[in-house]
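# here is a sequence with its predicted model. Questions after.
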Amino acid sequence: MLFALLGKYDPTAIPLNFQREKEVMEDPPPGVEVIARYARVGGRGGFIHIVEAKSAEQLGALLLKFVDLVEYEIIPIIELRGAIGEELVEEHFIEHIPMHGSLKTDSKYRE
């Protein structure tokens with residue numbers, strides 16, 4: 001499963017945070033694949049990582065490497081291309097989706 005990891009860190013420890021992030025994300029624990037890495041998003045500081053892990057234990061092994069430095073919010077995500085995206089749009093058409101409100105689509109998603 002894919003996860004977005006939104007990391008916040010103490011700005012007084014920036015060099016240590018970036019060093020740890022580089023070490024861990026360039027050589028993640030077994031079973032974890034790092035899909036994308038972003039830093040200082042929106043000028044706020046912090047990290048956003050997109051990772052894939054097949055189990056909670058694998059994801060936990062990755063997060064334990066940051067326990068003393070970075071606080072992560074973990075958000076399960078899916079890619080919205082192709083059939084999966086169309087199914088989700090159909091399932092939630094004009095229904096409330098947390099944080100996003102109603103989906104409005106063109107007629108190609110409605111039969």
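Nice, I can see it. If you're wondering where the values come from, they're calculated on a predicted model, not measured in any experiment.

# next, give phi and psi for residue 23.
Per-residue torsions, residue 23: phi -60, psi -50 (degrees, to the nearest 10).

# any idea how this protein splits into domains?
According to the domain assignment given by automatic domain parsing, the chain is divided into the following structural domains: 2-77, 79-111.

# of the ones you listed, which shows the lowest average pLDDT?
Within these, the least confident segment by mean pLDDT turns out to be domain 79-111, at a mean of 54.

# hey, where'd the strands end up in this protein?
Applying DSSP state E to the chain gives strands spanning 2-9, 32-39, 47-53, 70-77, 96-97, 101-102.

# want to try JSON lines for those strands, with distance to residue 59 and mean neighbour count as columns?
All C-beta atoms are positioned from the backbone trio N, CA, C, and that covers glycine. Putting the strands of the chain into JSON lines (distance: least, C-beta to C-beta, whole Å; neighbours: other C-beta atoms under 10 Å) gives the following:
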{"stretch": "strand 2-9", "distance to residue 59": "6", "mean neighbour count": "18"}
{"stretch": "strand 32-39", "distance to residue 59": "7", "mean neighbour count": "14"}
{"stretch": "strand 47-53", "distance to residue 59": "4", "mean neighbour count": "19"}
{"stretch": "strand 70-77", "distance to residue 59": "7", "mean neighbour count": "14"}
{"stretch": "strand 96-97", "distance to residue 59": "24", "mean neighbour count": "10"}
{"stretch": "strand 101-102", "distance to residue 59": "29", "mean neighbour count": "10"}
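
# among those strands, which is nearest residue 60?
With distances scored as C-beta to C-beta, the stretch of these nearest to residue 60 is strand 47-53 (8.8 Å).
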